[in-house]
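A.B. asks: I would like the atomic coordinates for the input below:
(one chain, ligands or ions: 1)
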Amino acid sequence: MIVAPLLRLSQSGARCTSFLHRTRPSSINSYVCSGGTSIGASRAQCFSTSFPRLQGEVLDRTRNIGIIAHIDAGKTTTTERMLFYSGFTRRIGDVDEGSTVTDFLPAERARGITIQSAAITFHWPPGDGTEGRPSPADPTLPRSALSHTINLIDTPGHADFTFEVMRSLRILDGAVCILDGVAGVEAQTEQVWHQASTYRIPRVIYVNKLDRDGAAFGRTVREVSSRLAVYPAVCQIPWFQGGNGPFVGVADAVNLQGMRWKEGEDGRTVKMIDLQQLDEVDPSLAQELRRARIALVELLSEQDETIVEKFFECEEDHLALSSMDVTESLRRCVLDPKSRIVPVFAGASFRNMGVQPLLDAVVDLLPSPPEAPDPEVSIGGVKGGLRKLRSGDLIVEQSEKASTPEKGKKKKKTCPTDPKDAIAKLQSCALAFKVVNDAKRGVLVYVRVYSGSLDRNSLLFNTNLHLSERAPRLLKMYANEAVEVDSIPAGHIGVVVGLKHARTGDTLLSYAGNKATPPEPLTSLQLRPIDVPPPVFFTSVEPHSLSEEKRMQESLALLLREDPSLHVSVDEESGQTLLSGMGELHLEIARDRLINDLKAKASMGRIEIGYRESGLGASPATTKIFDKEIAGRRGKAGCTALVEPYNEDDITEAMDEDTLVASTFEGNQIIIRAPGLQMEQTSRGYEETSPLLPPGLDGVALRTSLQNGALAALARGPQFTFPMHNTRVTLTLNPAEHLFGNDTTASALSAAARLATSAALQALPAGPGTVMMEPVMNVIISVDEASLGSVVHDISSSRGGHILSLDEDVPLPGTDASTPDSGPAEDILPPIDPNRVYAPPDPFETSSVGVSIPASVSRPRTITAKVPLKEMVGYLKHLRSLTAGRGTFVMSVDRFENMSAPRQKAVLAELRGGF
Ligand SMILES: Nc1nc2c(ncn2[C@@H]2O[C@H](COP(=O)(O)OP(=O)(O)OP(=O)(O)O)[C@@H](O)[C@H]2O)c(=O)[nH]1
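C.D. replies: Numbers count the residues shown, from 1 in each chain. Below is the predicted model of the structure:
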């Protein structure tokens with residue numbers, strides 16, 4: 001990769017210095033002026049309390065970015081500095097003291113970790129994001145010369161919150177990936193990195209904590225190439241006093257200058273030292289900086305034609321290229337989805353070093369909303385880009401599938417509207433990416449607007465819940481502060497206050513016309529849909545008294561709106577409310593939210609693994625007639641149920657012409673058949689009805705009530721009481737035998753379906769039998785070479801795991817197992833040889849360009865395995881003891897698997913006896 005002729009260094013260095021004095025624009029003039037005196041301090045104070053008006057903000061000067069990283073890499077610490085330098089806060093919050101702005105939930109502050117994403121808007125450089133020359137940018141100045149609006153989404157770093165990370169990722173246009181300069185690229189960094197690749201999010205990397213003993217920037221850069229499968233474009237190298245003393249600043253390979261911060265200060269004053277001065281102050285750093293610039297230009301010229309032309313114009317002098325040329329080339333590469341170049345920056349946020357140039361990089365290198373990739377939508381069974389859909393390039397046929405969201409629906413329908421006319425009626429389209437219950441303001445729904453403008457008082461149709469709600473108030477949020485606005489335009493992030501139903505992840509749209517429901521196929525439009533993985537831990541929730549029950553249920557409903565990866569169910573027999581989630585910490589946080597924040601007077605039981613139960617064969621067809629009074633009204637209905645094993649991967653569908661619908665719910669399938677029901681479409685369009693159905697009961701109500709009945713029965717297995725899994729329920733409604741005129745209500749149908757399904761399930765133990773199933777996890781463990789043997793042995797023999805691969809430095813593909821439909825799969829990229837990547841030497845290392853890694857540097861190894869979840873409870877502590885504290889792991893649910901008879905016996909004995 002590196003073919004730079006180092007021989008030319010000394011002469012070109014001298015030439016370059018004068019060149020720099022002549023033309024170099026200062027990309028950092030927002031926080032320093034020449035001579036190293038700060039002007040940032042006064043600016044910061046002046047802008048800290050004044051909020052800009054949304055209306056004037058220019059989209060080109062907006063960045064919707066997120067920070068992604070491994071837990072504890074320093075996201076919150078870096079964010080706090082960003083807010084401080086931008087003038088947003090007057091003092092730097094401290095994670096360790098619990099005084100940060102972004103971690104604003106009490107539970108987050110107490111634990112020192114970031115749980116929920118908070119969206120914050122600030123401006124960099126300080127200003128209001130609107131003043132100055134109009135876009136597009138003046139080609140002689142970097143973008144960071146003018147104030148930009150930055151909407152920052154702080155994403156969580158813990159593995160239990162992967163789903164939350166995915167939800168935040170899908171609304172980002174760009175991201176900063178923070179690495180811990182001591183730990184390097186960690187397992188979770190890899191995971192989040194590849195999730196970001198799924199959405200093709202342009203990224204820059206920031207290597208943090210370079211002040212810590214053992215920090216190794218060079219090694220981390222090489223790990224970026226080997227583990228993330230990208231080419232690191234080293235834009236800064238760390239400046240260690242005297243070569244291996246304390247970290248004091250960075251040398252900037254784009255602007256060819258040293259930047260030095262004073263130890264112990266708040267970091268607003270940065271001393272800028274040009275290359276010539278640097279030659280005197282620290283000659284070896286100056287020399288390394290030249291190497292870094294050469295390597296950077298060489299790397300860019302492999303992907304970017306324009307810089308090659310500029311390079312020839314500069315007589316092939318790497319150092320003579322202007323910083324603007326290098327910056328623009330970096331930007332082109334970052335924005336090009338086919339390029340594998342990722343700019344790398346250095347710093348120590350805790351010591352207030354390196355954050356302002358990182359902010360410049362966010363503005364200079366990451367895309368504005370119109371430059372970001374076209375957001376993926378699905379509509380009427382078709383997938384494609386939203387911009388393409390609006391411009392008419394995405395063809396949406398009014399197909400049978402388009403008009404019936406439920407899988408396998410058989411009925412033929414015709415559409416009253418042409419899809420093109422319907423799409424033209426779309427006024428705005430937004431994604432609710434977060435729901436937060438704010439003590440002062442009530443429920444806040446954070447939205448990212450993708451198209452049009454979301455206006456105050458507009459009617460929003462929720463395509464997930466199929467209902468409309470008005471948006472009475474709109475806000476622009478600044479952590480705990482809010483500014484009321486009249487509209488949120490496309491590309492922006494804001495908050496809708498006053499919505500009663502919208503949940504995290506829902507798509508909201510407004511449309512022309514006064515109808516309560518938009519025309520088909522708009523009702524099926526979904527922005528970047530993601531699948532919620534199945535919950536694998538559960539706990540019981542009990543109100544302290546009967547009078548507290550209502551309050552508890554309301555609080556639980558709110559929690560579910562905030563976080564759809566939590567599930568609530570009620571055990572029919574015991575009446576107990578069960579809360580299930582993705583991990584132990586996930587449920588612990590939910591407990592904190594419920595009891596401490598939402599003040600529900602309830603207690604939670606022990607957190608347990610969510611086992612499942614499955615039938616080993618088919619039940620007999622079982623008919624039940626429900627005949628009882630419900631709420632003072634007689635209800636009578638019947639239904640026949642048959643349960644049998646179901647395999648989600650098996651695509652052969654057990655449907656016939658009498659099938660009304662076949663839907664899957666968390667690994668189970670429910671088929672509803674109604675032979676001879678004579679369903680018809682009403683004159684109003686899509687609602688179906690039948691002359692045989694009693695008045696007030698249409699096709700939708702019929703299907704929903706039967707499905708709900710079957711789902712309630714599936715929540716409790718007949719032998720082990722765990723929820724059923726891999727089970728197909730076929731419900732047959734025979735109009736002559738199961739409908740009883742006006743007595744057949746929706747609730748009677750639901751009760752009949754529940755009774756029939758339960759009875760069919762109860763027949764299983766005496767017949768083919770049932771088996772317990774347990775969650776099996778995909779586990780990726782990062783360890784060093786020395787601990788590899790003991791970790792593998794522990795996983796495969798003590799924990800009953802199955803090792804899938806022992807790949808050294810093989811990057812993961814960009815798909816996320818939990819979200820198979822969330823985006824285009826990234827191709828498996830060919831590996832990059834870290835020895836051919838430029839990285840400066842780490843303190844006590846000698847060589848730099850093309851260095852081979854000394855044997856003493858322990859290389860990371862990746863173990864991929866499938867392990868039962870039960871064996872992974874408390875694993876981190878054990879892994880740490882096996883690896884002298886260095887090992888890390890991430891896991892996600894693979895599937896539920898049948899347990900062997902002895903394992904089932906042992907687990908049951910343990911469950912009965914308690915842990
Ligand atoms: N020495 C040193 N410590 C740092 C630096 N940056 C962060 N830390 C410390 O690292 C720890 C974790 O920092 P956070 O900012 O909470 O990390 P995070 O990535 O937000 O963590 P989560 O919210 O849990 O995902 C804290 O104790 C910080 O004080 C740094 O540059 N140098």
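A.B. asks: Span of stretch 335-348 from start to end?
C.D. replies: Stretch 335-348 has an end-to-end distance of 27 Å (C-alpha to C-alpha, to the nearest Å).
A.B. asks: for the chain, which helix is longest?
C.D. replies: helix 283-301 (DSSP state H).
A.B. asks: Just the buried positions in it, please.
C.D. replies: 285-301 (16 or more other C-beta atoms under 10 Å). (Each C-beta comes from the backbone N, C-alpha and C, glycine too.)
A.B. asks: Ok, stretch 355-372 next?
C.D. replies: 355-369, 372.
A.B. asks: close to the ligand, is it?
C.D. replies: No. On the criterion C-beta under 6 Å from any ligand atom, stretch 355-372 is out of touch with the ligand, staying 9.6 Å away.
A.B. asks: average model confidence for that stretch?
C.D. replies: In this model, stretch 355-372 has an average pLDDT of 95.
A.B. asks: likewise stretch 264-274?
C.D. replies: On average, stretch 264-274 scores 90.
A.B. asks: One more: stretch 375-389?
C.D. replies: 84.
A.B. asks: Can you dump the C-alpha atoms of that stretch in CSV for me?
C.D. replies: The C-alpha trace of stretch 375-389 is given here as CSV (Å, rounded to 0.1, in the frame of the first residue of the first chain):
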residue,chain,number,x,y,z
PRO,A,375,-33.1,6.0,3.4
GLU,A,376,-34.5,2.6,2.8
VAL,A,377,-38.3,2.2,2.9
SER,A,378,-40.6,-0.7,2.4
ILE,A,379,-44.0,0.0,0.8
GLY,A,380,-46.6,-2.4,-0.5
GLY,A,381,-44.1,-5.3,-0.4
VAL,A,382,-41.4,-3.4,-2.3
LYS,A,383,-38.1,-2.1,-0.9
GLY,A,384,-36.1,0.8,-2.1
GLY,A,385,-35.0,4.4,-1.4
LEU,A,386,-37.4,7.1,-0.2
ARG,A,387,-36.0,9.7,-2.6
LYS,A,388,-36.5,7.2,-5.4
LEU,A,389,-40.1,6.5,-4.3
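A.B. asks: List the buried residues in it.
C.D. replies: Neighbour-count burial for stretch 375-389 flags P375, E376, V377, S378, I379, G380, G381, V382, G384, L386, R387, L389 (criterion: 16+ other C-beta under 10 Å).
A.B. asks: Any idea how far it is from the middle of the chain?
C.D. replies: Relative to its parent chain, stretch 375-389 has a centroid offset of 20 Å by C-alpha atoms, centre = their mean, to the nearest Å.
A.B. asks: for stretch 359-372, same thing?
C.D. replies: That offset, for stretch 359-372, works out to 19 Å (C-alpha atoms, centre = their mean).
A.B. asks: Can you tell me which of the buried residues of stretch 355-372 is closest to the ligand?
C.D. replies: Lowest distance from the ligand to the buried residues of stretch 355-372 (C-beta to the nearest ligand atom) belongs to V355, with 9.6 Å.
A.B. asks: related to what we said a few turns ago, from the buried residues of stretch 375-389, which single one is nearest the ligand?
C.D. replies: For these, the nearest to the ligand is P375 (26.2 Å; C-beta to the nearest ligand atom).
A.B. asks: quick one: the closest one and G513, what's the gap?
C.D. replies: Plainly put, P375 is 24 Å away from G513 if you go by C-beta to C-beta, to the nearest Å.
A.B. asks: Quick check: closest non-adjacent residue to the residue of the stretch 251-400 of the chain found nearest the ligand.
C.D. replies: Nearest residue of the stretch 251-400 of the chain to the ligand (C-beta to the nearest ligand atom) works out as F350 at 3.2 Å. In this structure, F350 finds its nearest non-sequential neighbour in T77, 5.4 Å apart by C-beta to C-beta, 6 or more residues apart in numbering.
A.B. asks: Compute the number of surrounding residues for the one you found.
C.D. replies: Counted with other C-beta atoms under 10 Å, residues neighbouring T77 total 24.
A.B. asks: same question, H194
C.D. replies: H194: 18 neighbours (other C-beta under 10 Å).
A.B. asks: For this protein, list the residue farthest from the centre, please.
C.D. replies: Distance from the C-alpha centroid of the chain peaks at A736, with 50.4 Å (C-alpha atoms, centre = their mean).
A.B. asks: Where does it sit, in terms of helix or strand?
C.D. replies: In the assignment (DSSP states H and E), A736 maps to helix 735-738.
A.B. asks: Can you tell me what sits against that helix?
C.D. replies: Outside helix 735-738, the residues that touch it by C-beta atoms under 8 Å, 6 or more residues apart in numbering are 623, 625, 637-640, 674, 676-677, 690, 692, 744, 752.
A.B. asks: Break down the stretch 201-350 of the chain into its helices, ranges please.
C.D. replies: Remark: helices assigned in the stretch 201-350 of the chain by DSSP state H, counting those that start in this stretch are 217-228, 275-281, 283-301, 305-313, 323-335.
A.B. asks: I'd like the ones you listed laid out as CSV, including distance to the ligand.
C.D. replies: Below are these laid out as CSV (distance: least, C-beta to the nearest ligand atom, whole Å):
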stretch, distance to the ligand
helix 217-228, 12
helix 275-281, 23
helix 283-301, 20
helix 305-313, 32
helix 323-335, 23
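A.B. asks: What I need now is those written out in JSON lines, including distance to N898 for each item.
C.D. replies: Listed next are the helices of the stretch 201-350 of the chain as JSON lines, based on distance: least, C-beta to C-beta, whole Å:
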{"stretch": "helix 217-228", "distance to N898": "35"}
{"stretch": "helix 275-281", "distance to N898": "66"}
{"stretch": "helix 283-301", "distance to N898": "51"}
{"stretch": "helix 305-313", "distance to N898": "57"}
{"stretch": "helix 323-335", "distance to N898": "47"}
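A.B. asks: which one is N255 nearest to, not counting chain neighbours?
C.D. replies: In this structure, N255 finds its nearest non-sequential neighbour in S323, 4.5 Å apart by C-beta to C-beta, 6+ apart.
A.B. asks: Same question for A713.
C.D. replies: T757 is the one closest to A713 (C-beta to C-beta, 6+ apart), at 3.6 Å.
A.B. asks: Which residue is it, in the stretch 451-600 of the chain, that comes closest to the ligand?
C.D. replies: L585 (10.8 Å).
A.B. asks: What confidence value was assigned to that residue?
C.D. replies: Among the per-residue scores, L585 holds a pLDDT of 81.
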